[in-house]
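*Asks:* here are the coordinates; sequence isn't available:
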Ligand SMILES: [Zn+2]
């Protein structure tokens with residue numbers, strides 16, 4: 001089964017119809033096959049979808065630039081008009097992501113507007129993204145979505161038990177034990193997998209947001225203990241801990257579970273006055289305990305002056321246990337450049 005987007009004035013038109021005039025997006029009418037799924041798009045919204053019922057039917061002629069061209073049509077079946085059309089303009093980043101990934105033509109610009117195309121094939125991945133948006137905002141009535149419903153039910157009951165577990169283990173408190181922290185990271189990985197499978201399910205994102213907040217709370221407590229002030233390991237200045245973060249040396253999202261659990265070494269105290277941001281964005285890296293700086297030259301004098309003050313300093317919390325994370329961070333930005 002292939003997937004298409006068609007731009008037509010009305011979600012109720014139960015067929016695709018195009019002239020055989022040499023335009024690739026019209027010629028796609030010859031590629032659609034029985035059973036293919038077609039999303040109907042109108043004014044930056046997906047308004048309906050359906051499936052191809054008949055293919056490649058001659059359907060009269062039309063006049064185009066003084067020439068008579070033949071038209072062909074494919075009828076659609078099982079058309080579902082969406083009670084809540086999906087507004088694509090709300091998903092700019094996703095559109096950009098799928099546009100970059102697409103090998104052929106992509107039907108939309110990042111604002112959700114059609115690219116002057118009639119009928120366009122889309123990837124299975126983009127189709128399932130659209131389907132997930134449709135499922136999210138519309139009641140699911142289709143037979144084939146029963147499985148999805150079952151999974152949804154399983155997950156929402158998980159949200160209930162998640163809340164129970166979090167409460168029973170006192171994990172909604174700001175100071176949780178190391179044992180609970182370990183469970184928390186385990187949950188997070190489990191949920192992350194589910195989020196990747198069903199990107200549309202909000203409750204999972206909510207769960208993850210809670211876990212991340214708890215995790216950060218634990219890491220802060222573990223790092224700053226009961227200190228009111230702490231030294232920033234990059235600039236060496238002492239600040240109230242409320243102006244400091246427990247910064248992941250190796251990007252949190254790239255850490256394995258074991259690395260996330262290496263709580264003593266994976267984070268470092270950095271100030272919000274710039275060091276945390278500079279480090280996170282690779283302007284500051286640590287090599288053998290010494291601070292090196294990177295910049296591409298396009299930055300302002302003030303910016304570079306600030307950065308140069310950090311150059312050559314010793315990183316205060318560098319040791320042989322966290323060396324691997326500082327090395328990873330440095331190499332990551334050497335590869336990525338700024
Ligand atoms: Zn600092």
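*Replies:* Happy to help now that I have it. Only a predicted model underlies this, so the values are computations on that prediction, with no experimental measurement involved.
*Asks:* list the contacts for residue 333?
*Replies:* When contacts are counted by C-beta atoms under 8 Å, 6 or more residues apart in numbering, residue 333 is found next to 282, 285, 294. All C-beta atoms are positioned from the backbone trio N, CA, C, and that covers glycine.
*Asks:* give me that answer again for 6 Å
*Replies:* The contact partners of residue 333, taken as C-beta atoms under 6 Å, 6 or more residues apart in numbering, are 282, 285.
*Asks:* Kindly list the main-chain dihedrals of it?
*Replies:* With angles defined as degrees, to the nearest 10, residue 333 sits at phi -80, psi -20.
*Asks:* Next: residue 118.
*Replies:* Given degrees, to the nearest 10, the pair of backbone angles that residue 118 has is phi -90, psi -60.
*Asks:* Give the full set of residues in contact with it.
*Replies:* 18, 25, 26.
*Asks:* Who wins on neighbours among the residues you listed?
*Replies:* Using other C-beta atoms under 10 Å as the neighbour test, the contacts of residue 118 are led by residue 18, with 22 neighbours.
*Asks:* Tell me which other helices or strands the helix or strand it falls within touches.
*Replies:* If you go by DSSP states H and E, residue 18 is part of strand 15-19. Here strand 15-19 touches strand 67-87, going by 3 or more C-beta pairs under 6 Å, 6 or more residues apart in numbering; DSSP states H and E.
*Asks:* List the neighbouring strands of the strand it packs on plus their orientation.
*Replies:* Sheet pairing of strand 67-87 (DSSP bridges) gives strand 15-19 (antiparallel), strand 45-52 (antiparallel), strand 57-64 (antiparallel).
*Asks:* Of all the residues in that strand, which ones are buried?
*Replies:* Under the neighbour-count criterion of 16 or more other C-beta atoms under 10 Å, strand 67-87 has 71, 72, 73, 74, 75, 76, 79, 80, 82, 85, 86 buried.
*Asks:* Need the max-distance pair from these.
*Replies:* The most widely separated members of the buried residues of strand 67-87, counting by C-beta to C-beta, are 71 and 86 (29.1 Å).
*Asks:* pLDDT averaged over the helix or strand where residue 286 lies, what's the number?
*Replies:* Assessed by DSSP H and E, residue 286 sits inside strand 284-287. On average, the pLDDT along strand 284-287 is 96.
*Asks:* Can the helix or strand following that strand be said to contact the ion?
*Replies:* The C-terminal neighbour of strand 284-287 among helices and strands, as given by DSSP H and E, is strand 290-293. No - for strand 290-293 and the ion, the contact criterion (C-beta under 5 Å from the ion) is not met; the two come no nearer than 10.5 Å.
*Asks:* just checking, next helix/strand downstream of strand 290-293?
*Replies:* Next in line after strand 290-293, if elements are assigned by DSSP H and E, sits helix 301-310.
*Asks:* That next one: how far from the chain's middle?
*Replies:* 33 Å (C-alpha atoms, centre = their mean, to the nearest Å).
*Asks:* Which residues belonging to it are considered buried?
*Replies:* 306, 307, 310.
*Asks:* just curious, which of these is nearest to the ion?
*Replies:* residue 310 (8.0 Å; C-beta to the ion).
*Asks:* Spit out the contact partners of the residue nearest to the closest one when sequence neighbours are not counted.
*Replies:* When the adjacent residues along the chain are set aside, residue 310 lies closest to residue 291, with 5.4 Å between them (C-beta to C-beta, 6 or more residues apart in numbering). By C-beta under 6 Å, 6+ apart, residue 291 lies in contact with 310, 313, 315.
*Asks:* how does it look with 8 Å?
*Replies:* 234, 284, 285, 310, 311, 312, 313, 314, 315.
*Asks:* Checking the residue in the stretch 1-150 of the chain that the ion sits nearest to next. Helix, strand or coil?
*Replies:* The stretch 1-150 of the chain approaches the ion most closely through residue 93 (30.6 Å), counting by C-beta to the ion. At residue 93, secondary structure determined by DSSP: H, G, I helix; E, B strand; the rest coil is helix.
*Asks:* Tell me both backbone torsions, phi and psi, for residue 245.
*Replies:* Residue torsions, per degrees, to the nearest 10, at residue 245 are phi -120, psi 150.
*Asks:* Oh, that last question was meant for residue 119, not what I typed.
*Replies:* phi -130, psi 130.
*Asks:* Could you look up the SS state of the closest residue in space to it that isn't next to it in sequence?
*Replies:* Distance criterion C-beta to C-beta, 6+ apart; nearest residue to residue 119, sequence neighbours excluded, is residue 28 at 4.3 Å. Three-state call for residue 28 (three-state DSSP): helix.
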